[in-house]
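Student: Prediction below, plus the sequence it came from.
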Amino acid sequence: MTDKTSEREFVARIRTALDQSIEQLDPGIRSRLRRGRHEALARKAVSSPRRRPWRWGAAMVAATAAAALVLLVPINPRHTQSPLAAIDDLEMLAASDPLEIYEDMEFYSWLSDMENEIENS
């Protein structure tokens, strides 16, 4: 509650300071500012209804495009690479083994699995 009260006091002080600064302006400048303000408000009142359908249309197009992307882009978790796989790749590149050994990694993995099965039997 104290925050709201201090905020209201702050706004009141700013409003008072701005009102006083306006009264200190030259009457010609004050008149031009008032006229410019009224013209801007009149332009806004006239142009607002025309722009609203365009904004809604653009928002609808963007939402439709986003929905289409979500529905059409296949999400396949099998093709995502885990951080551990990246570490394994880095280890392979850093190793002094010839790169040909890595061409048949599936075979070596299968061979290792078979050896483990034979040992466990």
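Tutor: Right, received. Where do you want to start? Numbering: from 1, shown residues only.
Student: host element of residue 32?
Tutor: Residue 32 is part of helix 27-72, with elements assigned from DSSP states H and E.
Student: Run the chain-centre distance for that helix.
Tutor: The chain centroid and the centroid of helix 27-72 are separated by 23 Å under C-alpha atoms, centre = their mean, to the nearest Å.
Student: pLDDT (mean, whole number) over it?
Tutor: The average pLDDT within helix 27-72 is 77.
Student: list the helices and strands that helix packs on?
Tutor: Taking 3 or more C-beta pairs under 8 Å, 6 or more residues apart in numbering; DSSP states H and E as contact, there are no helices or strands that helix 27-72 lies on. Placement of C-beta: from N, CA and C, glycine included.
Student: avg pLDDT for the helix or strand containing residue 108?
Tutor: Residue 108 belongs to helix 105-120 when assigned by DSSP H and E. Across helix 105-120, pLDDT averages out at 85.
Student: Now do that helix: which elements does it pack against?
Tutor: By 3+ C-beta pairs under 8 Å, 6+ apart, helix 105-120 packs against no helix or strand.
Student: domain parsing for the chain?
Tutor: 2-72, 77-120 (automatic domain parsing).
Student: Any chance of those in TSV with mean neighbour count as columns?
Tutor: Listed next are the domains of the chain as TSV, based on neighbours: other C-beta atoms under 10 Å:
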stretch	mean neighbour count
domain 2-72	10
domain 77-120	9
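Student: any idea how far residue 8 is from residue 14?
Tutor: Using C-beta to C-beta, to the nearest Å, one gets 11 Å for the distance from residue 14 to residue 8.
Student: if we can go back for a sec, next one: the helix holding residue 108 to chain centre, how far?
Tutor: Using C-alpha atoms, centre = their mean, the offset of helix 105-120 from its chain centre is 47 Å.
Student: then that helix to CSV, C-alphas only?
Tutor: C-alpha atoms of helix 105-120 as CSV (Å, rounded to 0.1, in the frame of the first residue of the first chain):
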residue,chain,number,x,y,z
MET,A,105,32.7,-49.3,-35.6
GLU,A,106,29.4,-51.3,-35.8
PHE,A,107,31.4,-54.5,-36.4
TYR,A,108,33.8,-53.8,-33.5
SER,A,109,30.8,-53.0,-31.3
TRP,A,110,29.1,-56.2,-32.3
LEU,A,111,32.3,-58.2,-31.7
SER,A,112,32.7,-56.7,-28.2
ASP,A,113,29.1,-57.6,-27.4
MET,A,114,29.6,-61.2,-28.6
GLU,A,115,32.8,-61.5,-26.5
ASN,A,116,30.8,-60.3,-23.4
GLU,A,117,28.1,-62.8,-24.1
ILE,A,118,30.6,-65.6,-24.4
GLU,A,119,32.3,-64.6,-21.2
ASN,A,120,28.9,-64.4,-19.3
